[in-house]
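A.B. asks: A predicted structure for the sequence below; I have some questions about it.
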4 protein chains.
Amino acid sequence: MQSELDERAKWLSADGIKDARAQLPILYVEALPVRTNAAGKVVEIGLLLRAMPDGSISRALVSGRVLHGELVRDALIRHLEKDLGNLALPILPNSTLPVCVTEYFPDPQTSGFHDPRQHAVALSYLIPVQGDCSPSQASLDLAWLTPAEAIGSLTASEMTGGQHKVILTLLAHAGVV
Amino acid sequence: MQSELDERAKWLSADGIKDARAQLPILYVEALPVRTNAAGKVVEIGLLLRAMPDGSISRALVSGRVLHGELVRDALIRHLEKDLGNLALPILPNSTLPVCVTEYFPDPQTSGFHDPRQHAVALSYLIPVQGDCSPSQASLDLAWLTPAEAIGSLTASEMTGGQHKVILTLLAHAGVV
Amino acid sequence: MQSELDERAKWLSADGIKDARAQLPILYVEALPVRTNAAGKVVEIGLLLRAMPDGSISRALVSGRVLHGELVRDALIRHLEKDLGNLALPILPNSTLPVCVTEYFPDPQTSGFHDPRQHAVALSYLIPVQGDCSPSQASLDLAWLTPAEAIGSLTASEMTGGQHKVILTLLAHAGVV
Amino acid sequence: MQSELDERAKWLSADGIKDARAQLPILYVEALPVRTNAAGKVVEIGLLLRAMPDGSISRALVSGRVLHGELVRDALIRHLEKDLGNLALPILPNSTLPVCVTEYFPDPQTSGFHDPRQHAVALSYLIPVQGDCSPSQASLDLAWLTPAEAIGSLTASEMTGGQHKVILTLLAHAGVV
């Protein structure tokens, strides 16, 4: 099933996705991997370094499309594994309710969140990981920061598309701003 | 702007949407219109009567697609107006975070929520209305029920696709089950 | 620190709490322990069997007061350990935002949630456990049920104070009603 | 009923509350009054100016205790009316679930939220108001700010006890940071 979906994704990303992107909002999941202490409190957050749609090399969330026929939970697992490796041991939330809904538009003014390729609507989650994370595939690096570092101005300057505001929202929800 | 989106929606629903539906999950918003008392507590809920994708005439939520380029807030307003008329005076939420995310699949077993036409992912809201609601366009009727009636077995039997579970979730969140 | 709080709790419950209960709402945490599958979905829920404030022997949530000077997170950990033993390995949420706020009153009519001893306001959580749970101290038994069993009428008949509605709300939030 | 509760509050604040504050966490509600546009988006927020528990004159949220026997909804209404006058026309939320739970301690280090008088646990809400607000009773002034001004460093410097972080969390939830 998983590989069939991967196949379909590959095919669709090659060609058909271009048409779809001009016609429909594309559903995404995005996740901020975090390390928590025994009481559940966020102590570190993980940020990828990757080539972004706007051409920059930027700090970024785990992110990707939900495929046709795929559950949101399964899309989350697939993208966490794709970006963090299969030893990350993420703890999936017991509800699919995200922390926020993030609307990316080709026009940076529409919502303040920007994706030059498409209109994408992301369900944004904060996901604790218990294992070893290694940046994989399209990611160049994975850095662990404290919440204070993550919401500082330096990190904001290294992110694009408004993702530092997603991180701020996720960390505010977790009570660590 | 609105009419331009309407035009695009019409065109897309005529033809291109058929292809898109076979390739991508389609993003929806759905809303349960409610009347609240002065303290904000839900006292009545509104259910449409309409021809459903599965061919039945059923009780249903306000529901519809998010268009390309359209904000979730604007999609909510557009569909509330389409289904309840333009005198409904809905109070839009100050956050776009829904109460739940509902995943409809062509296969009724995948998630327990069923849409024979497509894989649709809905952001599900509970929306207070302050004005006069009149069923419009595709809706045959609008009935106002108490929360207790809405979660009773009779109403469940009049709904399809799992929407009675969405209503249960929305009303549980509102503290009136 | 923990034992100091326990001491204080003991003393307060002996005498001073009686006065406080007549003057102030008492802050509680309550938790539904659950087992989840690898995708985070709830597959089983745990219900205690205990002597309740109303004199009945009933199915119940993990529950208890937040002490003076105690963080909500620490109160959750303390009561989970008290009721499930110290091998339960609960996964504490990364946000202290509960799933719902439950207001118990001496008068069963005020809110539909009843505690004959006091006005108690509970922050209600759903907490995955990864280890071995054993009912301890005041609990007579711990039963594991499927979500469907948990929201069935039999279980409702075995619960008092409105707690079956709390369970319904927690499970609706988790998408398993 | 309301006046009876007010009487009880007065009496308790005179004397008994001192004992209770040393023994139990005190349950509060706090609210950020906001003005929204037709789409529900927050466009302005209201901040009181008042004498704070720490002796400073600071910008502050609407805030106050939940009384014994009082519903959370009724406490919210009472404090909104007390601080904003009875023409404010607040729109109470349809769920009592707050946006966040804020834990204030006499020791500023415990949680980062500080109340020198007591351990207080607040349910924190964002409340749209539709009418005229006038600072009343203990408040010296009410200022309306844009979200950007509200989360700026100047406003933060005018707030104490960590309340600027509560405002940041409420506005992040509303999608306007």
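C.D. replies: It's in.

A.B. asks: contacts, neighbours, all on C-alpha from now
C.D. replies: OK.

A.B. asks: Correct me if wrong: residue A:68 contacts residue B:27.
C.D. replies: No - taking contacts as Cα atoms under 8 Å, residue A:68 lies outside contact range of residue B:27: 11.5 Å.

A.B. asks: what sits in contact with each of the two?
C.D. replies: Jointly contacting residue A:68 and residue B:27 under the rule Cα atoms under 8 Å, 6 or more residues apart in numbering or on different chains is no residue at all.

A.B. asks: Which helix or strand lies directly C-terminal to the lowest-mean-pLDDT helix or strand in chain A?
C.D. replies: Counting by mean pLDDT, DSSP states H and E, chain A has its least confident helix or strand at helix A:2-14, which shows a mean of 52. Counting by DSSP states H and E, the next helix or strand C-terminal to helix A:2-14 is helix A:16-23.

A.B. asks: elements contacting the helix or strand following that following helix?
C.D. replies: Where DSSP H and E defines the elements, the next helix or strand beyond helix A:16-23 is strand A:26-36. Counting contacts by 3 or more Cα pairs under 8 Å, 6 or more residues apart in numbering or on different chains; DSSP states H and E, strand A:26-36 is packed against strand A:42-51, strand A:62-65, helix A:72-84, strand A:120-128, strand B:26-36.

A.B. asks: Output strand A:26-36 as PDB, nothing but the C-alphas.
C.D. replies: The C-alpha atoms that make up strand A:26-36 are tabulated as PDB, following Å, rounded to 0.1, in the frame of the first residue of the first chain:
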ATOM      1  CA  ILE A  26      -3.300  21.100  -2.200                       C
ATOM      2  CA  LEU A  27      -3.600  19.400   1.200                       C
ATOM      3  CA  TYR A  28      -0.400  19.200   3.200                       C
ATOM      4  CA  VAL A  29       0.700  18.000   6.600                       C
ATOM      5  CA  GLU A  30       3.600  19.700   8.300                       C
ATOM      6  CA  ALA A  31       5.200  18.800  11.600                       C
ATOM      7  CA  LEU A  32       7.700  20.200  14.000                       C
ATOM      8  CA  PRO A  33       9.700  17.400  15.600                       C
ATOM      9  CA  VAL A  34      10.400  18.000  19.300                       C
ATOM     10  CA  ARG A  35      12.100  16.300  22.200                       C
ATOM     11  CA  THR A  36      10.100  16.400  25.500                       C
END
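
A.B. asks: between it and strand B:26-36, how many degrees?
C.D. replies: 80 degrees (axes from the mean of the first three to the mean of the last three Cα atoms, to 10 degrees).

A.B. asks: Give me the below-cutoff pLDDT ranges for chain A.
C.D. replies: A:1-17 (pLDDT under 70).

A.B. asks: what about 90?
C.D. replies: A:1-23, A:50-57, A:135-140, A:152-158 (pLDDT under 90).

A.B. asks: Kindly report the residues of it close to chain B.
C.D. replies: Within chain A, the residues that sit near chain B (Cα under 8 Å from any Cα of the partner chain) are A:12, A:20, A:22-27, A:66-69, A:71, A:96-101, A:103, A:105, A:111, A:119.

A.B. asks: Just the buried residues of those residues.
C.D. replies: A:12, A:20, A:23-27, A:66-69, A:71, A:96-101, A:103, A:105, A:111, A:119 (16 or more other Cα atoms under 10 Å in any protein chain shown).

A.B. asks: about what we covered before: can I get the helices and strands packed on strand A:26-36 in a markdown table with distance to residue B:47?
C.D. replies: Listed next are those as a markdown table, based on distance: least, Cα to Cα, whole Å:
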| stretch | distance to residue B:47 |
| --- | --- |
| strand A:42-51 | 42 |
| strand A:62-65 | 33 |
| helix A:72-84 | 27 |
| strand A:120-128 | 27 |
| strand B:26-36 | 7 |
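
A.B. asks: So residue A:85 versus chain D, what's the distance?
C.D. replies: 30 Å (Cα to the nearest Cα, to the nearest Å).

A.B. asks: What is the three-state secondary structure of the residue nearest to that residue when sequence neighbours are not counted?
C.D. replies: Spatial nearest neighbour of residue A:85, excluding adjacent residues (Cα to Cα, 6 or more residues apart in numbering or on different chains): residue A:134 at 5.6 Å. Secondary structure, DSSP: H, G, I helix; E, B strand; the rest coil: residue A:134 is coil.

A.B. asks: wait, what's in contact with residue A:134?
C.D. replies: Neighbours of residue A:134 in contact, by Cα under 8 Å, 6+ apart: A:83, A:84, A:85, A:88, A:142.

A.B. asks: neighbour-wise, which of those leads?
C.D. replies: residue A:84 (27 neighbours; other Cα atoms under 10 Å in any protein chain shown).

A.B. asks: tell me the contacts of it?
C.D. replies: A:133, A:134, A:135, A:136.

A.B. asks: if we can go back for a sec, most widely separated two among the contacts of residue A:134?
C.D. replies: A:88 and A:142 (12.2 Å; Cα to Cα).

A.B. asks: So residue A:150 versus residue A:105, what's the distance?
C.D. replies: Plainly put, residue A:150 is 24 Å away from residue A:105 if you go by Cα to Cα, to the nearest Å.

A.B. asks: What number of residues are in the vicinity of the nearest residue to residue A:76 once chain neighbours are set aside?
C.D. replies: Distances taken as Cα to Cα, 6+ apart place residue A:29 nearest to residue A:76, at 6.3 Å, with adjacent residues excluded. By the criterion of other Cα under 10 Å, residue A:29 has 25 neighbours.
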